[in-house]
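A.B. asks: My questions are about this predicted structure, shown below with the sequence.
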Amino acid sequence: MRLQTLAITLAALLPAAASATEPALPQLRAYTVDASWLQPMAPLQIADHTWQIGTEDLTALLVQTSQGAVLLDGGMPQMADHLLRNMKARGVAPQDLRLILLSHAHADHAGPVAALKRSTAAQIVANAESAVLLARGGSNDLHFGDDITYPPATADRIIMDGEVVSLGGVDFTAHFVPGHTPGSTAWTWTDTRGGKPVRMVYADSLSAPGYQLQANPRYPHLIEDYRRSFATVRALPCDVLLTPHPGASGWNYAAGASAGAKAMTCQDYADTAERNFDAQLKKQREKQR
């Protein structure tokens, strides 16, 4: 009798079996992107030592110096092998890649960084904000939550605004342009074309895709950061501008030799981004009235 009573008591404590009519749990969602973001391309020369080695719609810049190569961004997680093949096509062996610099730590730009570090032993350089997001593999993003995660990686060097990272006589200067992410960074360096100096700029995204701009509890000074970043980009020493998403600055990598025919200046890029930002902010404010 005691055993029967104990069995009844335990049964009462156990959760009821799920009802057959209860809805199924949701499927996991993959981060999918436009096909052009994943379309491989051969290395495209931008300047004497700077090459686009990413995909048709995601920038990954290879800068070759006398002491090894530097990669600025890497695109999506599945792009690691493609980047290594394009490096090889440019005569860069895995051990010759010395530095990886980041615009920001979203999956479509920092996705293959962990794999590249394992294959090349290159040092990852980022500011503190990007380093934290990189270490989380993009999880707990301020705007996207856990929707665009990727294999995490650890930054080897934390940089400050205005800090210079040098390799083989090429100086890469970091300019913080927070907004798209708190760690967004523009990089400047000097290359040549036909032996003449060319001031290169790789400016991070200035867009705010679906962001809550006003009174954002996780980014209280978002609007102020964007305003400062627009001004920073306008003031950069800028002969050739490139951006993580090439179309944002007028580039069309699929066009080959004429890829930069409609490329923007830094001034135009910042002005266009600020107009779009103002329109987005105005629309959100009108909805809140």
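C.D. replies: Happy to help now that I have it.

A.B. asks: most centrally placed residue in this structure?
C.D. replies: Using Cα atoms, centre = their mean, the residue of the chain that lies closest to the mean C-alpha position is His109, 3.4 Å off.

A.B. asks: so that one touches Pro77, yeah?
C.D. replies: No - using Cβ atoms under 8 Å, His109 is not in contact with Pro77; the gap is 10.6 Å. In this view, the C-beta of every residue, glycine as well, is placed from N, C-alpha and C.

A.B. asks: List the residues that contact Tyr226.
C.D. replies: 179, 206, 208, 274, 277 (Cβ atoms under 8 Å, 6 or more residues apart in numbering).

A.B. asks: Can you add secondary structure and neighbour count and give the residues you listed back as TSV?
C.D. replies: Below are the contacts of Tyr226 laid out as TSV (DSSP: H, G, I helix; E, B strand; the rest coil; neighbours: other Cβ atoms under 10 Å):
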residue	secondary structure	neighbour count
Gly179	coil	27
Leu206	coil	24
Ala208	coil	20
Glu274	helix	18
Phe277	helix	21
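
A.B. asks: So which of these is the closest to Phe144?
C.D. replies: Ala208 (12.2 Å; Cβ to Cβ).

A.B. asks: Does the closest one touch His180 like I think?
C.D. replies: Yes - applying Cβ under 8 Å as the test, Ala208 and His180 come out as touching, 6.9 Å apart.

A.B. asks: chain center to stretch 210-224, what's the gap?
C.D. replies: 19 Å (Cα atoms, centre = their mean, to the nearest Å).

A.B. asks: Find the nearest non-adjacent residue to Gly179, please.
C.D. replies: Beyond its immediate neighbours in the sequence, the residue positioned closest to Gly179 (Cβ to Cβ, 6 or more residues apart in numbering) is Tyr226, lying 4.0 Å away.

A.B. asks: in a helix, that's where the one you found is, yeah?
C.D. replies: Yes - the assignment for Tyr226, made by DSSP: H, G, I helix; E, B strand; the rest coil, places it in a helix.

A.B. asks: If I look at it, what pLDDT would I see?
C.D. replies: Residue-level confidence at Tyr226 comes out at 98, pLDDT.
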